[in-house]
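Trainee: pasting the sequence and the predicted coordinates here, then a few questions.
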Amino acid sequence: MPGTLWAIAEAGPDGHLTKLSAEVATLVRGLGATAGRDVAGVVTGAPGAVAAVAAELAAYLPRVVAVEAAAAAASPIAALAAQGAVQATGADTDASLFLGNSPDGRDTAGFLMAALGVGVISNAGGVAWDSGPVAEKGVFGGRLITTSSFADGHGIVTVPLGSVPAEAAASSGVVETVALAGAGAAPAVKVLERVSEAAGAVQIEEAKIIVSGGRGVGGAEGFAIVAELAEALGGAVAASRAAVDVGWIPYARQVGQTGKIVKPEVYIALGISGAVQHKVGMQGARTIVAVNTDPDAPIAEFADLFVIGNLFDIVPALVAELQAHKA
Amino acid sequence: MKIVILAKPVPDATGQERLGPDLRLDRAAIPPVINGNDEYCLEAALRLRDAGAEVSITLLAMAGAFGPDALRKGLAMGADNAYLVSDPALAGSDAWTTARVLAAALAKLEFDLVLAGVDSSDGNGGVVAAALASLSGLPYLSYATSITPDGDKVRIKRFSATGYDVLEAPLPALITGMQALGEPRYPTLRGIMGARSKTITTWALADLGIDPATVGGESAASRVSTFSIPDARSAARVVRDPAPIAAKLIVDFLVERRAI
Ligand SMILES: Cc1cc2nc3c(=O)[nH]c(=O)nc-3n(C[C@H](O)[C@H](O)[C@H](O)COP(=O)(O)OP(=O)(O)OC[C@H]3O[C@@H](n4cnc5c(N)ncnc54)[C@H](O)[C@@H]3O)c2cc1C
Ligand SMILES: Nc1ncnc2c1ncn2[C@@H]1O[C@H](COP(=O)(O)O)[C@@H](O)[C@H]1O
């Protein structure tokens, strides 16, 4: 059936379907029901590895195409994922394609835009249907919200984390496995090595509770008390750019315009002033608590609870209070 | 080594005035700057030069009349010259058009390496560079946290969710970069003076052989229909009590919000 809605999924570093891809698949299924369109998923990966991801994706969608690409073991996935998606969606020139707004998802969307010559609406936090996808997104650091659609009713949409909760379908779909045609035409870019530095640590995008430290934390040692609070809450540690720039914590933990966009239930900002480039990354949190010595810190303007005080006094007291609360 | 930097002029994110009377972004009211991620790429190129490599650096942008102001700063930082694609017909262009126009401009330039930002701070698209690499037939290496040219090849460290990947490709290639490449330098007074005599060449669509009917808002594949200002969060509850009381109030608040 023409005009199928496709979720282009990806695997995480652990080899499983990412949470973001599960959300994209859920979104696509919902849109398909509203629009009366067929929905399907596609995932491209190394033979052997891709089958498990496709099976996970099939929990969300009635039909999944698993594209086996031998080159995936030694080259970046995006170019291959785009070829796989083009192959799976085939002659359906009215299809709309949905991807997660992750690095690989965005790269894949860029390649697909060039391959299909269609438009992209990126980072669409809210997607509805009105004879085609209609997307709401924040631009200019969230200061403005725009509503966009495609001139001819179809295109490519990238979706940030947390736009809908992932929810499996009532029954699992069928998986059809195909080989990537032309075997992915020997990509010029080779992966020489994959280095894992933070395996096991909770990814901040996936965390429900985030405790984030800024320049006010004062040093790498100061992050020990940030981590203590995160542990007491069962959350993940993040940081502002000021803390990353001086090397107190790795870049992978940075929240903001040039770091990660997060959308946790709770974001606790310790010693963070709330510069606009930081705000962009965390303003989607459901509840924001800030601890700051400066009553005029900009973060007071968008926190839900603003605690004026020294984090070195407040945080230990808070950890003790949380332990008492649990007991 | 010849390096082209894609340097997108964007409104300064710290500016306050965002909307004109027509409820559209009033670009003229906001001083333009080079997109942050593009500036990191320029810094990476300048560091290759500092390290002793013979490097020429060309800035390339597609922008309106405000373009030269932003590019001037890149020239003051140390880029050698700039090309600006500017044409009234381009107003309202989408990412797909941007990629096609930049591809046509690149085809007129000589280079070993093209550097672009992983995304732009105004639209946050993050899709133009991959499309451009595809249209220009260039190997694409993205999310670089370091860039190491090596003879007729280039290696990068690519940021990954758990660490980094080391990627390699033959030159010429297109790389996208970001903050981890290094804090951009401030232009020196000498740099600012020197920038005045560097050339910014402006190309119209006719110079690139592009039919004006195929670009701009009228032919854009994606269209913005409405602009609105998000609801502000309601005012924060403020706590000024000593630590033990403040701690209790924070826990109460989290419980009240069903957050813990
Ligand atoms: C292109 C570009 C991209 C950027 N991208 C990002 C990004 O992705 N993420 C990001 O975070 N920033 C980003 N920035 C930087 C941003 O503008 C700010 O400089 C940065 O967020 C400041 O970090 P901070 O709040 O930790 O530090 P500061 O602004 O220095 O604030 C420190 C705060 O700690 C408080 N404090 C000090 N001591 C204590 C104490 N003992 N107890 C409690 N409070 C205390 C102070 O009152 C102050 O409010 C970017 C900037 C640019 C130009
Ligand atoms: N109009 C433009 N002029 C120059 N470079 C651009 C332009 N648009 C996008 N780019 C480049 O492509 C990158 C990604 O842009 P985007 O896909 O719009 O987020 C930017 O960081 C720039 O390096």
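Mentor: Nice, I can see it. Ligands and ions are numbered 1, 2, ... in the order given.
Trainee: CA only for contacts and neighbour counts going forward, please
Mentor: OK.
Trainee: how about residues contacting stretch A:211-222?
Mentor: A:223, A:226-227, A:229-230, A:235-243, A:247-249, A:267-273, A:311 (Cα atoms under 8 Å, 6 or more residues apart in numbering or on different chains).
Trainee: what's in contact with the helix or strand of chain B with the lowest mean pLDDT?
Mentor: When each helix and strand of chain B is scored by mean pLDDT, DSSP states H and E, strand B:222-228 comes last, with a mean of 82. Contact partners of strand B:222-228, identified using Cα under 8 Å, 6+ apart, comprise A:119-121, A:144-151, B:23-24, B:94, B:217.
Trainee: hey, where'd the strands end up in chain B?
Mentor: For chain B, the strands defined by DSSP state E occupy B:2-6, B:9-11, B:32-34, B:56-62, B:81-85, B:113-117, B:140-150, B:153-159, B:163-170, B:173-177, B:200-203, B:222-228, B:237-239.
Trainee: I misspoke; the intended subject was the stretch 1-150 of chain A.
Mentor: Here the stretch 1-150 of chain A has its strands, by DSSP state E, counting those that start in this stretch, at A:5-9, A:39-45, A:63-68, A:96-100, A:120-121, A:126-129, A:133-139, A:144-150.
Trainee: tell me the angle of the last one relative to strand B:222-228?
Mentor: Going back to what we said before, that points to strand A:144-150. Counting by axes from the mean of the first three to the mean of the last three Cα atoms, to 10 degrees, strand A:144-150 points 150 degrees away from the direction of strand B:222-228.
Trainee: helices or strands up against strand A:144-150?
Mentor: strand A:133-139, strand B:222-228 (3 or more Cα pairs under 8 Å, 6 or more residues apart in numbering or on different chains; DSSP states H and E).
Trainee: highest mean neighbour count out of those strands?
Mentor: strand A:133-139 (a mean of 22; mean count of other Cα atoms under 10 Å in any protein chain shown).
Trainee: now that one: how far from the chain's centre is it?
Mentor: Chain-centre distance of strand A:133-139: 16 Å, with Cα atoms, centre = their mean, to the nearest Å.
Trainee: cool, stretch A:22-42 as well?
Mentor: Between the centre of stretch A:22-42 and the centre of its chain there are 18 Å (Cα atoms, centre = their mean).
Trainee: and the contacts of that stretch?
Mentor: By Cα under 8 Å, 6+ apart, the list of residues contacting stretch A:22-42 reads A:1, A:3-9, A:54, A:57-58, A:60-67, A:84-85, A:88, A:98-100, A:128-131, A:159, A:161-168.
Trainee: now the buried members of those residues.
Mentor: A:3-9, A:54, A:57-58, A:60-67, A:84-85, A:88, A:98-100, A:128, A:159, A:161-164, A:166, A:168 (16 or more other Cα atoms under 10 Å in any protein chain shown).
Trainee: out of these, who's near ligand 2?
Mentor: When Cα under 6 Å from any ligand atom is taken as the criterion, no member of these contacts ligand 2.
Trainee: what does the stretch 1-150 of chain B put close to ligand 2?
Mentor: Going by Cα under 6 Å from any ligand atom, the residues of the stretch 1-150 of chain B near ligand 2 are B:6-8, B:37-38, B:60-63, B:98, B:116-120, B:123-129.
Trainee: let's see which of those end up in helices.
Mentor: Among those, DSSP state H puts B:37-38, B:98, B:128-129 in helices.
Trainee: which of these sit farthest apart?
Mentor: Spatially, the most separated pair among those is B:37 and B:98, at 17.2 Å (Cα to Cα).
Trainee: pick out whichever of those two has more residues nearby.
Mentor: The residue with more neighbours, out of residue B:37 and residue B:98, is residue B:37; 27 against 21, by other Cα atoms under 10 Å in any protein chain shown.
Trainee: and the closest residue to that one other than its chain neighbours, what's its pLDDT?
Mentor: In this structure, residue B:37 finds its nearest non-sequential neighbour in residue B:117, 4.5 Å apart by Cα to Cα, 6 or more residues apart in numbering or on different chains. pLDDT for residue B:117: 98.
Trainee: do residue B:24 as well
Mentor: Looking at residue B:24, its pLDDT is 55.
Trainee: can you check the one 10 residues further on too?
Mentor: If you check residue B:34, the pLDDT there is 95.
Trainee: need the contact list for whichever residue of the stretch 151-300 of chain A sits closest to ligand 2.
Mentor: Ligand 2 sits closest to residue A:258 of the stretch 151-300 of chain A, with a gap of 11.2 Å, by Cα to the nearest ligand atom. By Cα under 8 Å, 6+ apart, the contact list for residue A:258 reads A:277, B:37, B:178-179.
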